[in-house]
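In: Next input, structure requested:
(one chain, ligands or ions: 1)
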Amino acid sequence: MNEPVQATVDDLPEITALCTEVFRRNAPPEHAMDRDFPRVFSEDNLAQLWVIRAGDKIAAHIAGLIRTVNVYGASVPVGSIGAVCTREACRGQGLATRLLHRMMAHIVQHGGVLMFVSGGRGMYRRAGCCGLGLIHRCRVPPQDHDEVPVAECGADELGVVLSLSQAEPVRFVRAEADLRAALETGMAANRSWRTWLLGEHEEAYIVGHRREDTLVVEEFGGERHIVAHGVQRLMAQYEAAHGVIGVGHWDVALRGQLAGCHVEDVHIPGTIKILQPEHLLRKLEPYLEERMGRPAPTSCVRSPIGWHVAIGERQAFFEAEEDMARFLLGAPGCSRAPEWEGVLPVPLPAPTLPDLEYV
Ligand SMILES: CC(C)(COP(=O)(O)OP(=O)(O)OC[C@H]1O[C@@H](n2cnc3c(N)ncnc32)[C@H](O)[C@@H]1OP(=O)(O)O)[C@@H](O)C(=O)NCCC(=O)NCCS
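Out: Numbers count the residues shown, from 1 in each chain. A predicted model of the protein is given here:
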């Protein structure tokens with residue numbers, strides 16, 4: 001009792017019922033949690049579903065998804081967590097906190113070096129998760145670029161989207177089955193969205209949705225001028241007054257295309273924890289080496305007084321784990337000496353951090 005255990009296949013219906021009750025209280029049945037997140041609540045992902053039982057019932061639950069982020073060719077194993085819930089009658093006994101810590105250990109056991117979290121409450125912050133700072137949110141003005149053909153994407157176009165996404169320099173690595181499931185549900189980051197292929201030769205794609213009078217782009221890939229013009233084409237088509245697209249600091253090409261737009265720096269949603277700093281840096285060495293122009297052996301060592309980071313001959317020290325994480329990953333604007341310009345922060349997928357893999 002009260003110990004986190006891995007879910008069994010027989011637990012799946014109870015888990016989805018509990019999560020649907022907590023997160024989809026007034027939603028129609030087609031938005032039950034297992035329908036919206038088929039890759040999470042599936043037999044294939046049972047190893048990443050953990051529960052605490054009380055008697056013959058599930059009292060609390062946490063879900064994870066273990067994937068890989070590709071950063072300019074460097075593979076970084078990550079875990080995303082979410083669907084954290086405790087039955088009302090069992091709250092306040094530390095069950096969710098216990099599940100969170102068990103899940104962190106589980107992700108580490110599976111090689112994960114980073115953890116993306118869908119929320120930012122105290123429970124996560126106490127476990128060392130921190131916000132990542134800011135992302136550029138560009139507000140695109142209306143202008144109809146008639147010359148950019150747009151077509152809604154269905155399962156037949158999956159291969160094109162996959163190729164475009166695979167060519168992105170900073171991305172989640174997606175198995176075809178993941179993308180198919182995402183396209184079929186039309187759900188990501190807890191919102192329904194649609195996917196469009198853009199351009200005469202399908203040179204780009206956009207994943208987005210209309211919220212009130214705004215077209216919100218959740219994800220994109222491919223030729224940046226087609227993406228920029230495609231947003232405007234879709235705004236005209238769907239009679240949206242504004243378009244909003246989040247652009248990573250590293251995406252110089254798209255920032256150039258959107259240079260005239262109003263840019264707002266907004267907080268990246270959710271939080272993140274570096275589970276294994278030493279391993280994270282080691283995985284990133286190919287990226288860092290190219291940025292530094294020479295081999296860049298790395299280390300990140302914890303001592304009784306704090307964290308000692310070395311990348312090549314450069315060193316930095318942080319008393320707090322959060323400051324170390326922000327130094328490595330936090331958006332521009334986090335305090336960092338000018339010598340790190342162009343090297344840090346390490347790029348992560350944008351616009352919404354955990355993109356379609358959000359739990
Ligand atoms: C959030 C939730 C999972 C916490 O479950 P729990 O087993 O009570 O968690 P713990 O006892 O480990 O305490 C963790 C947090 O819950 C709060 N909590 C404690 N008793 C509570 C109660 N009776 N009701 C609501 N929250 C309570 C704690 O203050 C703590 O809050 P903090 O993260 O802001 O510091 C649970 O309240 C829940 O299912 N909420 C609805 C779903 C949700 O919001 N999930 C989190 C998504 S990010």
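
In: which residue ranges form the strands in the stretch 251-359 of the chain?
Out: 262-267, 271-274, 298-303, 306-311, 314-318 (DSSP state E, counting those that start in this stretch).

In: would you list those strands in JSON lines and tack on distance to the ligand, mean neighbour count and mean pLDDT?
Out: In this view, the C-beta of every residue, glycine as well, is placed from N, C-alpha and C. Output for the strands of the stretch 251-359 of the chain, formatted as JSON lines (distance: least, CB to the nearest ligand atom, whole Å; neighbours: other CB atoms under 10 Å; pLDDT from 0 to 100):
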{"stretch": "strand 262-267", "distance to the ligand": "15", "mean neighbour count": "13", "mean pLDDT": "86"}
{"stretch": "strand 271-274", "distance to the ligand": "9", "mean neighbour count": "23", "mean pLDDT": "93"}
{"stretch": "strand 298-303", "distance to the ligand": "24", "mean neighbour count": "14", "mean pLDDT": "96"}
{"stretch": "strand 306-311", "distance to the ligand": "24", "mean neighbour count": "18", "mean pLDDT": "96"}
{"stretch": "strand 314-318", "distance to the ligand": "24", "mean neighbour count": "15", "mean pLDDT": "94"}
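
In: right, so of the ones you listed, which gets closest to residue 182?
Out: Shortest distance between residue 182 and the strands of the stretch 251-359 of the chain, using CB to CB, is found for strand 271-274: 21.3 Å.

In: Of all the strands of the stretch 251-359 of the chain, which one is nearest residue 165?
Out: Across these, residue 165 has its closest neighbour in strand 271-274 (21.4 Å, CB to CB).

In: Now the longest strand along the chain: buried residues?
Out: Ranked by residue count and defined by DSSP state E, the top strand of the chain is strand 57-71. For strand 57-71, a neighbour-count test (16 or more other CB atoms under 10 Å) marks 58-71 as buried.

In: Given that strand, what are its sheet partners and their directions?
Out: Partners of strand 57-71 in the sheet, by DSSP bridges, are strand 49-54 (antiparallel), strand 74-86 (antiparallel), strand 170-173 (antiparallel).

In: Can you convert those into a markdown table and add a column each for mean pLDDT?
Out: Formatted as a markdown table, the strands paired with strand 57-71 follow (pLDDT from 0 to 100):
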| stretch | mean pLDDT |
| --- | --- |
| strand 49-54 | 97 |
| strand 74-86 | 95 |
| strand 170-173 | 91 |
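
In: Mean neighbour count, these: which tops it?
Out: Compared across these, strand 74-86 shows the largest average neighbour count, a mean of 23 (mean count of other CB atoms under 10 Å).

In: quick check, that strand touching the ligand?
Out: Yes - judged by CB under 6 Å from any ligand atom, strand 74-86 comes into contact with the ligand at 84-86.

In: pull the CA atoms of that strand into PDB?
Out: Taking Å, rounded to 0.1, in the frame of the first residue of the first chain, the C-alpha atoms of strand 74-86 are listed here in PDB:
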ATOM      1  CA  ALA A  74      23.100  15.000 -31.100                       C
ATOM      2  CA  SER A  75      20.600  12.500 -29.700                       C
ATOM      3  CA  VAL A  76      19.200  13.400 -26.200                       C
ATOM      4  CA  PRO A  77      16.900  10.900 -24.500                       C
ATOM      5  CA  VAL A  78      14.100  12.700 -22.700                       C
ATOM      6  CA  GLY A  79      11.100  11.800 -20.600                       C
ATOM      7  CA  SER A  80       7.900  13.800 -20.600                       C
ATOM      8  CA  ILE A  81       5.500  13.400 -17.700                       C
ATOM      9  CA  GLY A  82       1.900  14.400 -17.100                       C
ATOM     10  CA  ALA A  83      -1.600  13.100 -16.300                       C
ATOM     11  CA  VAL A  84      -0.500  13.300 -12.700                       C
ATOM     12  CA  CYS A  85      -3.600  12.800 -10.500                       C
ATOM     13  CA  THR A  86      -4.800  11.600  -7.100                       C
END
